[in-house]
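Asks: Below are the sequence and a predicted model; questions follow.
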Amino acid sequence: MTRDRMDAVTLADRIAASIHDVPDFPQPGVLFKDITPLLRDPEVFGAVVEEWAGRFRGQVDVVAGIEARGLVFGAPLALALGVGFVPVRKVGKLPGDTHTVTYDLEYGSATIEVHTDAIGPGDRVLVVDDVLATGGTLPARRAGGGARRRLRRRRRARLPPRPRAPRRPGRRRPAERRVGAPRLRTRLTP
Ligand SMILES: O=P(O)(O)OC[C@H]1O[C@H](OP(=O)(O)OP(=O)(O)O)[C@H](O)[C@@H]1O
Ligand SMILES: Nc1ncnc2[nH]cnc12
């Protein structure tokens, strides 16, 4: 099948079929979403990138990909959009001055960094990752870590996470906030 003929339903089916559930990896109780079969299929991988590019063309100035699997999707997406790519890397990998934030994952925790000069004031940033589990990584994309600190304070006080503030009528969310994990999850998981 050519990519042109892969309509949305077929694409959704093929994406679903190319993400494998692996129970109890890397530890008991975790249902691991293995995206490697998707990456191995150039038609599906290419169609996913094209689909995302179609949604965000002209709306972003830079794509930021979160190590490790966000780099794999983010770089081709940036090229397809004709914008620059910014790697958000695990701690200790970037040579310049960085913003740094530590956050919890479904299993373990992580510290990620981005060069302080990688994103300019007012840049519309499309943040790309592969899988949403606890949702801890995406708040951490606000590299100051304020959201993370607020979440920790609420957990310590045994409060649920604060619900997102209602959107003011007529006010569009910036692209960087609209491209949160749920979108990526519906694109990539069954
Ligand atoms: O919703 P969350 O709980 O934040 O989990 C999702 C994150 O976890 C994985 O990264 P991880 O650092 O585990 O592995 P990777 O380096 O192989 O991408 C995944 O790629 C997301 O970045
Ligand atoms: N359930 C999961 N599947 C794949 N990657 C993950 N990273 C964190 N949780 C994950």
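Replies: Received, thanks. Numbers count the residues shown, from 1 in each chain. Ligands and ions are numbered 1, 2, ... in the order given.

Asks: In the top helix by length along the chain, which of the residues would be classed as buried?
Replies: The single longest helix within the chain, with elements called by DSSP state H, is helix 42-56. By 16 or more other C-beta atoms under 10 Å, the buried positions in helix 42-56 come out as 44, 45, 47, 48, 49, 50, 51, 52, 53, 56. (C-beta placed from N, C-alpha, C; glycine too.)

Asks: same question, stretch 62-76
Replies: 62-67, 69-76.

Asks: for stretch 130-137, same thing?
Replies: So for stretch 130-137, counting by 16+ other C-beta under 10 Å, buried means 130, 131, 132, 135, 136, 137.

Asks: Give me every residue in this protein lying close to ligand 1.
Replies: 66-69, 105-106, 110, 129-137 (C-beta under 6 Å from any ligand atom).

Asks: Let me know the average pLDDT across the very next helix or strand once past the longest helix of the chain.
Replies: Sequence order places strand 62-66 as the next helix or strand after helix 42-56, per DSSP states H and E. Averaged across strand 62-66, pLDDT comes to 97.

Asks: One more: stretch 90-103?
Replies: 95.

Asks: measure that stretch end to end?
Replies: 11 Å (C-alpha to C-alpha, to the nearest Å).
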